[in-house]
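Engineer: can you look at this prediction? I've put the sequence above it.
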Amino acid sequence: MKPRRLLCDDLLHFGVHTDTAQKSAVIAEGRAYSYGELLSGARGLAGALRAHGVGRGDRVAIYMDNTWPCVVSVYGILLAGAVFVLVNPQTKADKLAFVLGDAGARALITDGHLASEFGPASTATPGLRVVICSGELPAGVKTLGFDAAIAAIPTASSLELIPLDLAALIYTSGSTGNPKGVMQTHLSMRFALESLTEYLRLQSDDRILLALPLAFDYGLYQLLMTVGLGATLVLERSFTFPAQVYNRMRSERVTVFPAVPTIFSMLLSSHRREPLLFPDVRRVTNTAAALPDDYVPRLKEIFPNALIYRMYGLTECKRVSYLEPELTHMKPGSVGKAIPGTEVYLLNGDGTPTPRGEVGILHVRGPHVMLGYWNQPELTAHMLRPGRLPGERVLCTHDHFRMDEEGYLYFVGRTDDIIKSRGEKVSPVEVENVLHGMPGVREAVVVGVADDTLGQAIRAYVALDEGAALSEKQIRAWCAARLESFMVPREVVFKSELPRTATGKLSRRALIEQS
Amino acid sequence: MDAVKIRRQIRDYLLENMLFSSDQSKLDDKESLLQKGVIDSTGILEIVNFLEATFAVTIKDTDLLPEHFDSVDNIVAFVARLKG
């Protein structure tokens, strides 16, 4: 069999193979699309991108809801030899413009109903050669219709690529404020998806639910694993209408249910009111934030035939560790061991090995580690450190962990100020920058406060200019117009003065302690 | 309570709490609240709490469907039906 080296090779295989070309690759809003259709749409889109001058290594942004055209776009970009950049459709114009500019995007693929945001952002990005738009085409922005694009003359394939070429830039929030583009190659992403598929024990007859955003790497990998296996993805726009998701899970006989603790929390509270039962589900996976120990027995009532996985990861290497589901009771609170084919170890601040049982900084070694941050050599050097072999670089997560005598990992804490709300990373600096841009706000500090459903909720402490009169609602409205909804402060606390450190800087620490 | 009043209360709630605005033109009664980014998985639960408290109705988890919640028109029709 021809080796599958590139991320798009799975589709090139299953899309033409007689056993799979007619098989459902994606079921979106109740409609099934075959592997043959996915390959044909992706080839057409690749042809359209090539015709607009997009080639090997060029970045193409996808700013779309979880839809069939979004799936086609991921593979169309890869077949054009280009690099996909998925942007959450909740993103507002200014941040979208930042990402398009930072990535140097040559093309944008988007949805018509998002025109109020991508219109101004695309105008502010002179390097864009084409905007391809699904759904209703907006007035006033020059776009090419998605259906016309996929009907373009298809490209042959992206044969000139090698596995070390970039496949994706995955933007992630950082403690510096602006998001950074994590560079992942065909090699690193193929390796990660195969490792995940191995330990999750997935098979080609699995039917994987995706209601998490494709722009979230945990969501993206559900698609990549599906196509890697020749399995079926059941794609939902979101978890917003849970009854619809549950109905679809039943009618489509979903076997894999990936979610984050906020979703599990809502699922359990719904189960308390009216019992839920999904006997077809064989795998339940959690990541993005720790799954509380007492959730597992209750989730077993809902998913009696499923293995429940606790996992830990960061975008910079996709996934770090997982706990074998059979060990959940033996290792409460643990996120397990390194994923297959990779290694983890703890180091002290001075670089010496951390003894078992003590707290150290987690380091990750393996082919899944990112190439670095796009155009950010200093931030890259902060995360990628010299390894044991000459020239090797390992990922320093800067997260504190403890490892027990048997090598199982326990998360202790972060060393940065990142807030985790609904499983999403929120940079307090990014929110503070938006608050500081509001007329009348003198100073602002943003912290995360514990919340049963969200994990952490976002609270802003704000000091106003003298004479300024702003309400909590006005401040939240300002943020909602500029930030994704999960970043908008849920509470605003007004203070006449904000606490400072000995050197006169605003003290986030003091406010976290007060909270 | 008449349908006009129900509609006004629902619109005012969504504008004030989801769109943080008093500008009536920001909310089209037919538009998808999901596509417009007005609601998400936690927002819908807040709307349910509001509807139950304001209109003395009981909403089941199995009712959390787009045909009941994805536009102002859908919410108004759903509440009217619950109130019989």
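Structural biologist: Cool, the structure landed.
Engineer: run through the helices of the stretch 351-500 of chain A in chain order.
Structural biologist: Remark: helices assigned in the stretch 351-500 of chain A by DSSP state H, counting those that start in this stretch are A:377-383, A:428-436, A:472-480.
Engineer: packing partners for the first one?
Structural biologist: Translated: helix A:377-383. In terms of contacts (3 or more CB pairs under 8 Å, 6 or more residues apart in numbering or on different chains; DSSP states H and E), helix A:377-383 is packed against strand A:372-373, strand A:393-403. Bear in mind the C-beta positions are built from the backbone N, C-alpha and C, glycine included.
Engineer: nearest to chain B, out of these?
Structural biologist: Evaluated with CB to the nearest CB, these place strand A:393-403 nearest to chain B, the distance being 26.3 Å.
Engineer: for chain A, give me its nearest residue in chain B.
Structural biologist: Closest point on chain B to chain A, by CB to the nearest CB, is B:Phe20, at 3.1 Å.
Engineer: could you find the closest non-adjacent residue to that residue?
Structural biologist: Counting by CB to CB, 6 or more residues apart in numbering or on different chains, B:Phe20 lies nearest to A:Ala477, which is 3.1 Å off, once chain neighbours are set aside.
Engineer: ok, now which ones touch that neighbour?
Structural biologist: Counting by CB atoms under 8 Å, 6 or more residues apart in numbering or on different chains, A:Ala477 makes contact with B:19-21.
Engineer: could I have the buried ones of those as PyMOL selection syntax?
Structural biologist: Burial among the contacts of A:Ala477 is assessed by 16 or more other CB atoms under 10 Å in any protein chain shown; the matching PyMOL selection reads:
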select buried, chain B and resi 19+20+21
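Engineer: one step back: what's the closest of the helices and strands packed on helix A:377-383 to B:Lys60?
Structural biologist: strand A:393-403 (41.2 Å; CB to CB).
Engineer: which pLDDT value goes with the residue minimising distance to the centre of chain A?
Structural biologist: Nearest to the mean C-alpha position of chain A, by CA atoms, centre = their mean, lies A:Phe216 at 1.9 Å. With respect to pLDDT, A:Phe216 scores 93.
Engineer: hang on, isn't it packed against A:Lys425?
Structural biologist: No: A:Phe216 lies out of contact with A:Lys425 (CB atoms under 8 Å); the separation is 9.7 Å.
Engineer: and the spatially closest residue to A:Arg402 that is not a sequence neighbour, what does it touch?
Structural biologist: Excluding its sequence neighbours, the residue lying closest to A:Arg402 (CB to CB, 6+ apart) is A:Tyr410, at 4.6 Å. A:Tyr410 sits next to A:333-335, A:401-404 when contact means CB under 8 Å, 6+ apart.
Engineer: can you pick out the most distant pair from these?
Structural biologist: Among those, A:Gly333 and A:Met403 lie farthest apart (CB to CB), at 12.8 Å.
Engineer: between these two, which one's more packed in?
Structural biologist: A:Met403 (22 against 14; other CB atoms under 10 Å in any protein chain shown).
Engineer: which residues does that one bridge with?
Structural biologist: A:Met403 has these beta-bridge partners by DSSP bridges: A:Leu409.
Engineer: pull the contacting residues for it.
Structural biologist: A:Met403 touches A:346, A:354, A:356-357, A:360, A:409-410, counting by CB under 8 Å, 6+ apart.
Engineer: at 7 Å instead, please
Structural biologist: A:346, A:356, A:409 (CB atoms under 7 Å, 6 or more residues apart in numbering or on different chains).
Engineer: show the buried residues in those residues.
Structural biologist: A:346, A:409.
Engineer: need the contacts of A:Met403 in JSON lines with pLDDT, can you?
Structural biologist: Listed next are the contacts of A:Met403 as JSON lines, based on pLDDT from 0 to 100:
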{"residue": "A:Leu346", "pLDDT": "97"}
{"residue": "A:Arg356", "pLDDT": "96"}
{"residue": "A:Leu409", "pLDDT": "97"}
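Engineer: tell me the residues on the stretch 1-150 of chain A that lie near chain B, please.
Structural biologist: A:90, A:113 (CB under 7 Å from any CB of the partner chain).
Engineer: can you give me the strands in the stretch 1-150 of chain A?
Structural biologist: Secondary structure of the stretch 1-150 of chain A (DSSP state E, counting those that start in this stretch): strands at A:24-28, A:31-34, A:59-63, A:83-87, A:107-111, A:130-134, A:144-145.
Engineer: A:Asn131 reaches A:Leu108, doesn't it?
Structural biologist: To be clear, residue A:131 is Val; Asn isn't right here. Yes: between A:Val131 and A:Leu108 there is a contact under CB atoms under 7 Å: 4.9 Å.
Engineer: quick check: neighbours shared by these two?
Structural biologist: Shared contacts of A:Val131 and A:Leu108, counting by CB under 7 Å, 6+ apart, come down to A:Ser122.
Engineer: format the contacts of A:Ala477 as a markdown table; extra columns: pLDDT.
Structural biologist: Shown next, in a markdown table, are the contacts of A:Ala477 (pLDDT from 0 to 100):
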| residue | pLDDT |
| --- | --- |
| B:Leu19 | 86 |
| B:Phe20 | 83 |
| B:Ser21 | 81 |
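Engineer: for A:Lys142, state which of the contacts of A:Ala477 is nearest.
Structural biologist: So of the contacts of A:Ala477, ranked by how close each gets to A:Lys142 (CB to CB), first place is B:Leu19, at 29.1 Å.
Engineer: around chain B, which positions in the stretch 401-515 of chain A sit nearby?
Structural biologist: Counting by CB under 7 Å from any CB, the stretch 401-515 of chain A sits next to chain B at A:453, A:473, A:476-477, A:480, A:485.
Engineer: low-confidence stretches in the chain?
Structural biologist: No chain specified, so I'll use chain A. A:156-159 (pLDDT under 70).
Engineer: that's the wrong chain, I wanted chain B
Structural biologist: For chain B (pLDDT under 70), the answer is B:1.
Engineer: how much does the longest helix along it deviate in direction from helix A:472-480?
Structural biologist: Secondary structure of chain B per DSSP state H: the longest helix is helix B:3-17. Angle of helix B:3-17 versus helix A:472-480, following axes from the mean of the first three to the mean of the last three CA atoms, to 10 degrees, is 70 degrees.
Engineer: now the element after helix B:3-17, going C-ward?
Structural biologist: helix B:43-55 (DSSP states H and E).
Engineer: for that following helix, packing partners?
Structural biologist: Where contact means 3 or more CB pairs under 7 Å, 6 or more residues apart in numbering or on different chains; DSSP states H and E, helix B:43-55 is packed against helix B:3-17, helix B:72-83.
Engineer: and A:Arg201, what does it touch?
Structural biologist: A:Arg201 touches nothing, counting by CB under 7 Å, 6+ apart.
Engineer: ramachandran angles for it?
Structural biologist: As for A:Arg201, its main-chain torsions (degrees, to the nearest 10) stand at phi 60, psi 50.
Engineer: name the residue of chain A that lies nearest to chain B.
Structural biologist: For chain A, CB to the nearest CB, closest residue to chain B: A:Ala477, 3.1 Å.
Engineer: ok, and what's touching the longest helix along chain A?
Structural biologist: Longest helix in chain A by number of residues (criterion: DSSP H): helix A:35-51. For helix A:35-51, contacts defined as CB under 7 Å, 6+ apart pick out A:11-12, A:14-16, A:20-23, A:25-26, A:60, A:71-73, A:75-77, A:79-80, A:82, A:107, A:132, A:144, A:149-155.
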